[in-house]
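A.B. asks: build me a model from this:
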Amino acid sequence: MSYQKNFFKNMAKLALPIAMQQLLVSCAQLVDTAMVTGLGNVVVSAIGVSSRWIFLMNLFYFGISSGTAAMISQFWGAKEKENIRKSYGIALIFASAVAVTFTFAMFFFPAQLIRVFTSEQPVIDTAAQYMRIVAFMSIFSAFNQITCVALRATERVNPPLFTSFISVAANTTLNFILINGKLGFPALGIKGAAIATLTSTALQSVLLFIVLRTSKDIYNAKIKDFFTLTKNFFRRFSVVCLPVVFNEVAWAIGTNIYAMVFARQGSENYAGYTIFSSIEQVAFVFFVGICHACSIMTGKTIGEGDEKGAYKLAKKFVIMTPIIGIITGALLASVRNPLLSLLNIETQAAFDLASNLILVYCLWLPFRNIPYTLIVGTFRAGGDTKIGIAYDMISLYLLGVPAVAYLGLVAKVDFVYLIIAMYLCEDIIKIILSTHRFVSKKWIRNLTDR
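C.D. replies: Numbering: from 1, shown residues only. From the prediction side, this is the model:
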């Protein structure tokens, strides 16, 4: 199947459901933040610092699933069903190991984890209550992320959207009931938010399992078809997947160093940043849809043996990214203050900071996601999963982290300048390097048995 004809129609069929699913997830995070803003800056900051460890956990899953998507999309193009099932099985094994580790750490050592980001005891105590509960969502999150990516890589984008919709609806409803004490339930505050998150995540796992076992799908097979693995295939999968995991973890550690600096600017500043981050994730959904559609279409085309066609497809996605950035940035900038007004933000300073951070993000948005589309959507789909590590080492660890650490902890500049420094140091060099790599076509590598 060639995607060259009716490109925009084919792209929309994949990108829109994926973007909608990500929008639902981001809205759930925004709802979580909105519903606890009335409880004060300490609670908002507690959610923010707790989310850094959840963010790290999810990036482990994302690294595994991103490498898995590269394998499965190419196997899908080559019609290698057996290898698709094996890839899904290995991914579940890797993700489960990560889940067990994070569950143990977050349940038994929450205060120690939180102290990595803040020394404010009220924030530490509050966040520890939240983390002990959400620790048990780790295994459900692992299953959800791997399964959704596996389904999307075989062009089944609607089940992940459907199950996410139900999960987010459940999370919002439970947040309303448990945080504030509605329908006869006690007001549990931040514990209520944690219970809602755990329950809704588990619900999505149940729904996805039902989808897998009841549909006439490539994943409705015997258990042994997923876990009967040869040493050679395990090596092939690891060569593609593990560099992505390392890349995502290295990037996550760097961004968590940012968070350590940000959290030490005071709970009011970090509350404003947490609110901004929730809104930023909503804007990001459009690029997630584009990136994953690029990965699916490019990877499948390479698996079919059409490398020239894959390059042409990827080029169209790269051109689309800054255009969408301009449109999205203009819209978000124009509604940022009315949007923030819907939230019960405790202080005017936190409101103003969130507004200014959104404006900075919108101005830089046309450039911000070009490397994302190239590295995550294009290079990984082409089997070039190692190059992103080199780019992050340069942009993040040699430039971004030192600059933000110095400006925040030594020079103590205004919070907005920390974000500007982070964007400029990370993105400019990465745009140059990834664009050069794309034009060279060295990222195109066929991973199938062809």
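A.B. asks: hey, C-alpha coordinates of the helix or strand hosting Leu113 in CSV?
C.D. replies: Taking DSSP states H and E as the definition, one finds Leu113 inside helix 110-115. Presented in CSV, the C-alpha positions along helix 110-115 are these (Å, rounded to 0.1, in the frame of the first residue of the first chain):
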residue,chain,number,x,y,z
PRO,A,110,8.5,8.3,48.5
ALA,A,111,9.9,10.9,50.8
GLN,A,112,13.5,10.1,49.7
LEU,A,113,12.4,10.4,46.0
ILE,A,114,10.7,13.8,46.6
ARG,A,115,13.7,15.2,48.4
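A.B. asks: could you look up the SS state of Asp217?
C.D. replies: coil (DSSP: H, G, I helix; E, B strand; the rest coil).
A.B. asks: contact partners of the helix holding Leu113?
C.D. replies: Contact partners of helix 110-115, identified using Cβ atoms under 8 Å, 6 or more residues apart in numbering, comprise 46, 49-50, 53, 105-106, 123-125, 127-128, 131-132, 135. Every C-beta, even on glycine, is put in place using the N, C-alpha and C of the backbone.
A.B. asks: now with 7 Å?
C.D. replies: By Cβ atoms under 7 Å, 6 or more residues apart in numbering, the residues outside helix 110-115 that reach it are 49, 53, 105-106, 124, 127-128, 131-132.
A.B. asks: equivalent analysis for stretch 281-290, please.
C.D. replies: Against stretch 281-290 from outside (Cβ under 7 Å, 6+ apart): 15-16, 18-19, 22-23, 26-27, 29-30, 317, 320-321, 324, 328, 332, 369, 372-373.
A.B. asks: let's see it at 8 Å
C.D. replies: Here stretch 281-290 makes contact (Cβ under 8 Å, 6+ apart) with 11, 14-20, 22-23, 25-27, 29-30, 317, 320-321, 324-325, 328-329, 332, 361-362, 365, 369, 372-373, 377.
A.B. asks: before we move on, what about stretch 11-23?
C.D. replies: 3, 148, 152, 155, 157-158, 160-161, 164, 282, 284-286, 288-290, 292-293, 296-297, 317.
A.B. asks: if we use 10 Å, what do you get?
C.D. replies: Here stretch 11-23 makes contact (Cβ atoms under 10 Å, 6 or more residues apart in numbering) with 3, 6, 8, 30, 148-149, 152, 155-165, 168, 281-297, 313, 316-317, 320.
A.B. asks: what mean pLDDT does it get?
C.D. replies: Here stretch 11-23 scores 85 as its mean pLDDT.
A.B. asks: what of stretch 427-441?
C.D. replies: In this model, stretch 427-441 has an average pLDDT of 94.
A.B. asks: for stretch 392-403, same thing?
C.D. replies: On average, stretch 392-403 scores 90.
A.B. asks: could I get the full set of helices for the stretch 1-150 of the chain?
C.D. replies: 7-37, 41-77, 81-108, 110-115, 121-134, 138-153 (DSSP state H, counting those that start in this stretch).
A.B. asks: do the same with the stretch 151-300 of the chain
C.D. replies: In the stretch 151-300 of the chain, the helices defined using DSSP H, counting those that start in this stretch lie at 158-180, 190-214, 223-227, 231-263, 267-303.
A.B. asks: which one of these lies nearest to Glu346?
C.D. replies: Taking Cβ to Cβ, helix 267-303 is the member of the helices of the stretch 151-300 of the chain nearest to Glu346, at 7.2 Å.
A.B. asks: that older thread, out of the helices of the stretch 151-300 of the chain, deepest packed?
C.D. replies: Ranked by mean neighbour count, the helices of the stretch 151-300 of the chain are led by helix 267-303 with a mean of 25 (mean count of other Cβ atoms under 10 Å).
A.B. asks: check which helices and strands the next helix or strand after that helix is in contact with.
C.D. replies: Sequence-wise, the next helix or strand downstream of helix 267-303 (DSSP H and E) is helix 307-341. On a contact count with 3 or more Cβ pairs under 10 Å, 6 or more residues apart in numbering; DSSP states H and E, helix 307-341 meets helix 7-37, helix 267-303, helix 348-368, helix 370-372, helix 415-440.
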